[in-house]
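**Q** A predicted structure for the sequence below; I have some questions about it.
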Amino acid sequence: MFYIETPDGVPIHYNERGEGETIVLVHGWTCDSGFWWRKNVDALAADHHVVTYDLRGHGLSGKTDDGHSLAGYAEDLEFLMGALGIRDATLVGWSMGAAIVLTYLEEFGTGRVRAIGLVDQTPKFYSEDGWEFALMGEFSGEGLAGLVDGLEVDRAEAAKPIIQAFFAEPRPEEELAEIYARTTLTPTAVATAMLNDMVPRDFRDRLPELAVPTLLCYGEHSVVFPGPLGEWMHERIPDSELVTFAESGHSPHWEEPERFNAALAEFVARVSDAELTAAD
């Protein structure tokens, strides 16, 4: 277990495993690295240098009222990678983690990044005419306000259905209780601040400008972002590969970990081989 302190004094919990090409895994909203990547790290670290960390305010990282925005989280990621001397990384973000990865590229470019992976995330949460990939299929500013109010009034009642929606198949009550308990390591004020910052964003115009190879991993039974969103993303991101997961919802890395790990490892190898070929 390792910690690094950000310039504004927040301890960030991280772990490093293995040797080889670097993969940095970025978890999602109110989650933590130890739980959500535990089906992936061992397999990936057999042949790669794998870095996981808890976002500020999440998991075992420091709790603070400040810096809870996609830009703030991207700044923490840049600080962590700089402190660890990471270059040529494959940045993989699940759910909100994917929005952090996209924000990181906007803010800091590709100097430390060889490729990215986006796992079951929409570029736009809100509904509008002609846009079919909103949160839960239909979402609005009023829906966001209601969700934030619900979390503040009765977090368990508001959050447990969201957690259950992460999966294609309902999780046992015992497992759901464990997951919910871990999400409460993130204070409610942090959880709502991130929703208020992230949900209004629209990344659609940024996708054609992505300048690194991109792996897209989407669950065929996602109710969080229903429909063929992965195909839509694949059509708009120039150098992208799409892997769909027939038995997964919003969490293919958790629901089909062996296939996810293999797909990510193969993608990293292809990107590395292509760079070597281009250099020759």
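**A** Thanks, I have it.

**Q** please count neighbours and contacts with C-alpha atoms only from this point.
**A** Noted.

**Q** for the stretch 151-280 of the chain, which residues score under the pLDDT cut-off?
**A** In the predicted model, the stretch 151-280 of the chain carries pLDDT under 70 at residues 279-280.

**Q** what residue, apart from its backbone neighbours, is nearest Ala159 spatially?
**A** Leu151 (6.8 Å; CA to CA, 6 or more residues apart in numbering).

**Q** same question for Ala74.
**A** Of all residues not flanking Ala74 in the chain, Tyr104 sits nearest, at 4.7 Å (CA to CA, 6+ apart).

**Q** buried sites along the host helix or strand of the residue nearest to Ala159?
**A** Using DSSP states H and E, Leu151 maps to helix 141-153. Buried residues in helix 141-153, counted by 16 or more other CA atoms under 10 Å: 144, 147-148, 151.

**Q** next one: stretch 243-255
**A** For stretch 243-255, by 16+ other CA under 10 Å, it's 243-245, 248-255.

**Q** next one: stretch 263-277
**A** Buried residues in stretch 263-277, counted by 16+ other CA under 10 Å: 263-265, 267-268, 271-272.

**Q** reformat these into JSON lines and put distance to Val41 next to each item.
**A** Output for the buried residues of stretch 263-277, formatted as JSON lines (distance: CA to CA, whole Å):
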{"residue": "Ala263", "distance to Val41": "14"}
{"residue": "Leu264", "distance to Val41": "12"}
{"residue": "Ala265", "distance to Val41": "11"}
{"residue": "Phe267", "distance to Val41": "16"}
{"residue": "Val268", "distance to Val41": "15"}
{"residue": "Val271", "distance to Val41": "20"}
{"residue": "Ser272", "distance to Val41": "20"}
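
**Q** burial measure for the residue nearest to Gly67 when sequence neighbours are not counted, as a count.
**A** Nearest non-adjacent residue to Gly67, counting by CA to CA, 6+ apart: Tyr73, 7.1 Å away. The burial count assigned to Tyr73 is 20, neighbours taken as other CA atoms under 10 Å.

**Q** Ile23 now?
**A** Per other CA under 10 Å, the neighbour tally for Ile23 reads 30.

**Q** packing partners of the helix or strand where it lies?
**A** Ile23 belongs to strand 21-26 when assigned by DSSP H and E. Packing contacts for strand 21-26, counted by 3 or more CA pairs under 8 Å, 6 or more residues apart in numbering; DSSP states H and E, involve strand 48-53, strand 89-94, helix 96-108.

**Q** deepest-packed of these, please.
**A** strand 89-94 (a mean of 24; mean count of other CA atoms under 10 Å).

**Q** what pairs with that one, parallel or antiparallel?
**A** Using DSSP bridges, the strands paired with strand 89-94 in its sheet are strand 21-26 (parallel), strand 113-119 (parallel).

**Q** in CSV, list these along with distance to Ile179.
**A** Output for the strands paired with strand 89-94, formatted as CSV (distance: least, CA to CA, whole Å):
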stretch, distance to Ile179
strand 21-26, 17
strand 113-119, 19
